[in-house]
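Participant: Model the structure of this input:
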Amino acid sequence: MTRRVWGFMVLVALLLAACTLKSPVATHSPTPSHAAGKVAWSDCGGGFQCGTLQVPLDYSQAGGRTIPLALIRKRATGSNRIGSMLLNPGGPGESGVQFLREDITSLANLNRRFDVVAWDPRGVGASTPVTCVDASKMDTYLSLDAVLDDPQEKQAAIQADKDFAAGCESRSGDLLPFMDSASTARDMDQIRAAVGDTKLTYLGFSYGTYIGQWYAHLFPTHVRALSLDGVVDPAVNANDSLLGQLVGFEQNLQAFLTDCKARSNCLYNKAGDPASKLTALMSRLDTTPMQVGNRLLTRSLAMTGVLQALYSQSLWNALDQGLTAADRGDGRILLLIADAYNQRNSDGTYGNLFNGAFGAAYCLDFPSSPDIATYDALGTAYTKASPFFGPWSQYSNLQCGLWPAKPKNKQGPLTAEGAPPILLVGGTNDPATPYVDAQAVNRQIAGSVLLTRQGNGHTSYDSSMCSHAAEDSYLIDLTLPAAGTICSS
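Facilitator: I've put the predicted structure just below:
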């Protein structure tokens, strides 16, 4: 549920050239037990300012341990400044600091009227990061075959999840109980106060929409405007949520394959049917991983590459190039795409997205069962939803089932009584946050308005001029689109 397309196209272009390649009770806005701190902003290059803000690790313990949050902002470039606008790219576990640096161009219109502010949420990046294992163990963990079609593979995968959870407990056990999105929403209110705004203006993508819903639930009277793009439904359990994503990614995969078959310049359409070749490629990688330098492109890593490329239609050309090259025995492009998804750096180190940050939040927000039989029973439904991704994803939520920290908040719809109207944006064929989630949250949050984008890909702000303009208009002027508005471009 991340919004990770930014920055990725540069990496692909470089390699292509080289290759020639039940509901919580609604509350009023609580009085914080911790007075908002100050941020000492300093220049950090590129026209940005950076700083840190101390926030409570545990908001139930006044005067207890604090942790630093890493913040970044770009001051408003025009006149008639409204205030600050807070931004979150999703994940959970994405770096807001990195995102703002790489996506500031698309935010230029908003930046004329707002200081655009982003942060690394607690447990992420430079904000007291959660970590679980070292880089070599991450390589092994992410390469492991997740299609558990024999007893040995199944036992190896279960043990790997147990070892990963033990590593998280060993390295970050003191942080894990406090990485939930309700705590992150409270951090947002600390940031709002620290930058001097009486009410919050917020643009949240993907999982950032869930954090935004928590903010509106906890602090409805502190809301000025929330634009939630790529909506997460807080009422759907983890396994059903994943089932909805499988439907979406399968539909986007079929859209890619159909498009490829229809275009004479799609390389993967040469010498055979693209769908049949994709199935055959994954079968070959299952039995014989492909050597890429001193690494191996396994079936799991190749499927990760395909998954990443389906987040945006702008990546379909890279997927075409990667699959074509892999068919010829060159796995570099697919491995690069997988590495971008997994935040593996060129020196072999990892960002902490999947090395703790994602699980630290998601497993508290959307708990899963530790019972293996629960996942055994998912096979038929998952495979029906996606013959390609279903078997690979069947046991994905077991990591949360084994997670060492347990949730403090009951999962369910998040009402926002007392908040002004909230804008929800959903794409009809969004694979990571299905359109039905946006429709459900529209029903859950009284007074919210749903803007619909027709098309493939995850989130709408950077893929639809219509959505981009509507979200900007709402955030700047508080002008909502009419109910039922549909963006087709």
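Participant: Let me see the ranges of the strands in the protein.
Facilitator: Here the chain has its strands, by DSSP state E, at 42-43, 49-56, 66-74, 83-88, 114-119, 200-205, 223-229, 290-292, 295-297, 423-429, 449-456, 486-487.
Participant: which residues touch the last one?
Facilitator: Right, the one you point to is strand 486-487. With CB atoms under 8 Å, 6 or more residues apart in numbering as the test, strand 486-487 has contacts from Leu451, Thr452, Arg453, Gln454, Ser460, Ser464, Cys466, Ser467, Ala470. Using the backbone N, CA and C atoms, a C-beta is placed for each residue, glycine as well.
Participant: could I get those residues as a markdown table with distance to Ala326, pLDDT and neighbour count?
Facilitator: As requested, these are exported to a markdown table (distance: CB to CB, whole Å; pLDDT from 0 to 100; neighbours: other CB atoms under 10 Å):
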| residue | distance to Ala326 | pLDDT | neighbour count |
| --- | --- | --- | --- |
| Leu451 | 38 | 98 | 27 |
| Thr452 | 36 | 98 | 20 |
| Arg453 | 32 | 98 | 29 |
| Gln454 | 32 | 97 | 15 |
| Ser460 | 31 | 97 | 25 |
| Ser464 | 31 | 96 | 22 |
| Cys466 | 36 | 97 | 17 |
| Ser467 | 34 | 98 | 26 |
| Ala470 | 39 | 98 | 24 |
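Participant: Same list, the strands of the chain, but as TSV with distance to Asp376 please.
Facilitator: TSV is the format used below for the strands of the chain (distance: least, CB to CB, whole Å):
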stretch	distance to Asp376
strand 42-43	54
strand 49-56	41
strand 66-74	39
strand 83-88	36
strand 114-119	40
strand 200-205	34
strand 223-229	35
strand 290-292	30
strand 295-297	28
strand 423-429	30
strand 449-456	32
strand 486-487	41
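Participant: Could you point out which of those strands sits nearest Leu378?
Facilitator: Closest of the strands of the chain to Leu378 is strand 423-429, at 23.1 Å (criterion: CB to CB).
Participant: how far does that closest one sit from the chain's center?
Facilitator: The chain centroid and the centroid of strand 423-429 are separated by 15 Å under CA atoms, centre = their mean, to the nearest Å.
Participant: Stretch 457-466 now?
Facilitator: Worked out by CA atoms, centre = their mean, stretch 457-466 lies 15 Å from the chain centre.
Participant: List the buried residues for the lengthiest helix in the chain?
Facilitator: The helix spanning the most residues in the chain, taking DSSP state H as the definition, is helix 238-262. Neighbour counts over helix 238-262 (16 or more other CB atoms under 10 Å) mark 238-239, 241-253, 255-257, 259-260 as buried.
Participant: rewinding a little: out of the contacts of strand 486-487, the closest to Ile158 would be?
Facilitator: Ser460 (38.1 Å).
Participant: quick one: the closest one and Gly230 touch, right?
Facilitator: Yes: between Ser460 and Gly230 there is a contact at 7.2 Å, judged by CB atoms under 8 Å.
Participant: Now the common contact residues for those two.
Facilitator: By CB under 8 Å, 6+ apart, the residues touching both Ser460 and Gly230 are Val425, Gly426, Gly427, Asp430.
Participant: Show me which pair in those is furthest apart.
Facilitator: Maximum pairwise distance among the shared contacts of Ser460 and Gly230 (CB to CB): 9.6 Å, between Val425 and Asp430.
Participant: Pull up the overlap in contacts between the two.
Facilitator: With CB under 8 Å, 6+ apart, Val425 and Asp430 have common neighbours Gly230, Thr459, Ser460.
Participant: beta partners of Gly427?
Facilitator: Taking DSSP bridges, one obtains Arg453 as the residues bridged to Gly427.
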